[in-house]
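A.B. asks: sequence unavailable; structure follows:
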């Protein structure tokens, strides 16, 4: 019988490799796992109770908040605070930083940036959605309230990042800078169990993911790359397959396992891109690099961007190394990136 390794066991074993570790980081990840289980429960029964649809308010991005968005945000905030290891959170759903300055949180070492429910508009039609999170060590003095500068660190300073995908099965995938591991939720025991150890993204792939409905708004370089993907070239395995779900977590997860590229470029309507740097692009960039892939804004490494605002946006080209390299060639030649 194969040994089952739960998320908590895995975290404890990893911690044991660092004698100086206090256990705080492990507790924080443990509570993220609890929040994911709670959100998964609500996602799975979304069609049975009055939790579908819009909550009647907008988030800081001006997007209609879905009821599950609100629930997921509140649930993760509650668990991060309960961990006692998080002194503040930047969330897609909150315009201002949420500061925890009471009890154990006052002396907490970590801050979290998160998108509590990515792709939530897909819930009504039973399509995969997800949670994205990133963890930094605070820069401000312990014992004092977290400050905005704590949340404006580049992705290169990340301690850990991960995502949860709520789909046909629920998976939590994370890295703390030492490889990427995936854990699938076993509903029979209520635990995330190691199912994908040391994930590596193929160097190249045959899937490209982009919203081609925006084709006319794309730059010449992006348009040329799409045509390149569609051309027949049996020697190099083209045409590629187009797959776009409309949920960053779901599209990224598939491409990381199978090999591919996800693109959300700048457009006429969003000249700086649409995805948020701190809680969408940086986490997936950290994960993909740990898995052997690449993430850029079309020219610059995502993890090297110095953020100026918590809700800053950026274009994103992320996936298999060779595919990101190829689209970069097109952008340099046609767009002078």
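C.D. replies: Cool, got the structure. Source: prediction; values computed, not measured. Numbers count the residues shown, from 1 in each chain.
A.B. asks: per-residue pLDDT of the spatially closest residue to residue 238 that is not a sequence neighbour, please?
C.D. replies: Of all residues not flanking residue 238 in the chain, residue 231 sits nearest, at 5.6 Å (Cβ to Cβ, 6 or more residues apart in numbering). From N, CA and C alone the C-beta is placed, and that goes for glycine too. Per-residue confidence (pLDDT) for residue 231: 97.
A.B. asks: what's the answer for residue 204, then?
C.D. replies: The model's pLDDT for residue 204 equals 97.
A.B. asks: excluding its backbone neighbours, what's nearest it?
C.D. replies: residue 322 (4.0 Å).
A.B. asks: equivalent analysis for residue 196, please.
C.D. replies: residue 182 is the one closest to residue 196 (Cβ to Cβ, 6+ apart), at 3.3 Å.
A.B. asks: which strand residues bridge that neighbour?
C.D. replies: residue 173, residue 196 (DSSP bridges).
A.B. asks: residues touching it, list them.
C.D. replies: 171, 172, 173, 194, 195, 196, 197, 199 (Cβ atoms under 8 Å, 6 or more residues apart in numbering).
A.B. asks: equivalent analysis for residue 307, please.
C.D. replies: By Cβ under 8 Å, 6+ apart, residue 307 lies in contact with 152, 153, 154, 277, 278.
A.B. asks: next, the second one: secondary structure please.
C.D. replies: Meaning residue 153. Classification of residue 153 using DSSP: H, G, I helix; E, B strand; the rest coil returns coil.
A.B. asks: burial measure for it, as a count.
C.D. replies: 20 (other Cβ atoms under 10 Å).
A.B. asks: quickly note the distance from the residue nearest to residue 238 to residue 137.
C.D. replies: Here residue 231 is placed at a distance of 46 Å from residue 137 (Cβ to Cβ, to the nearest Å).
A.B. asks: which one of those two is surrounded by more residues?
C.D. replies: Between residue 231 and residue 137, counting by other Cβ under 10 Å, residue 137 is the more crowded of the two (13 against 10).
A.B. asks: for beta bridges, what are the partners of the more buried one?
C.D. replies: residue 110.
A.B. asks: what pLDDT is listed against it?
C.D. replies: So, for residue 137, pLDDT stands at 96.
A.B. asks: ditto for residue 45
C.D. replies: 79.
A.B. asks: ranges for the strands of the stretch 1-150 of the chain?
C.D. replies: 54-58, 64-66, 86-91, 98-99, 110-118, 129-137 (DSSP state E, counting those that start in this stretch).
A.B. asks: what's the closest of the ones you listed to residue 211?
C.D. replies: strand 110-118 (14.8 Å; Cβ to Cβ).
A.B. asks: ok so, going back, just name the most buried of the strands of the stretch 1-150 of the chain.
C.D. replies: Among the strands of the stretch 1-150 of the chain, ranked by average contacts under mean count of other Cβ atoms under 10 Å, first place goes to strand 110-118 (a mean of 28).
A.B. asks: now residue 43: closest residue in space that isn't a chain neighbour?
C.D. replies: In space, residue 43 is closest to residue 166, 4.5 Å off (Cβ to Cβ, 6+ apart).
A.B. asks: what is the neighbour count of the one you found?
C.D. replies: 29.
A.B. asks: just confirm it contacts residue 45, I think it does.
C.D. replies: No. Contact criterion Cβ atoms under 8 Å: residue 166 and residue 45 do not qualify, at 11.7 Å.
A.B. asks: distance of residue 256 relative to residue 209?
C.D. replies: From residue 256 to residue 209 the distance is 11 Å (Cβ to Cβ).
A.B. asks: okay, the two: which has more neighbours?
C.D. replies: More neighbours surround residue 256 than the other of residue 256 and residue 209, with 28 against 24 (other Cβ under 10 Å).
A.B. asks: on that earlier part again, from the contacts of residue 182, list the buried ones, please.
C.D. replies: 171, 172, 173, 194, 195, 199 (16 or more other Cβ atoms under 10 Å).
A.B. asks: mind telling me what element the fourth one is part of?
C.D. replies: Under the assignment given by DSSP states H and E, the secondary-structure element containing residue 194 is strand 191-196.
A.B. asks: who does the following helix or strand past that strand pair up with?
C.D. replies: Next helix or strand after strand 191-196 toward the C-terminus (DSSP H and E): strand 207-209. If you go by DSSP bridges, strand 207-209 pairs up with strand 241-242 (parallel), strand 261-264 (parallel).
A.B. asks: most packed of these?
C.D. replies: strand 261-264 (a mean of 25).
A.B. asks: what's it in contact with?
C.D. replies: Residues contacting strand 261-264 (Cβ under 8 Å, 6+ apart): 205, 207-211, 222, 225, 248, 251-252, 255, 273-275, 315-320, 323-324, 327.
A.B. asks: cutoff 6 Å now
C.D. replies: 208, 209, 210, 251, 252, 255, 275, 316, 317, 318, 319, 323 (Cβ atoms under 6 Å, 6 or more residues apart in numbering).
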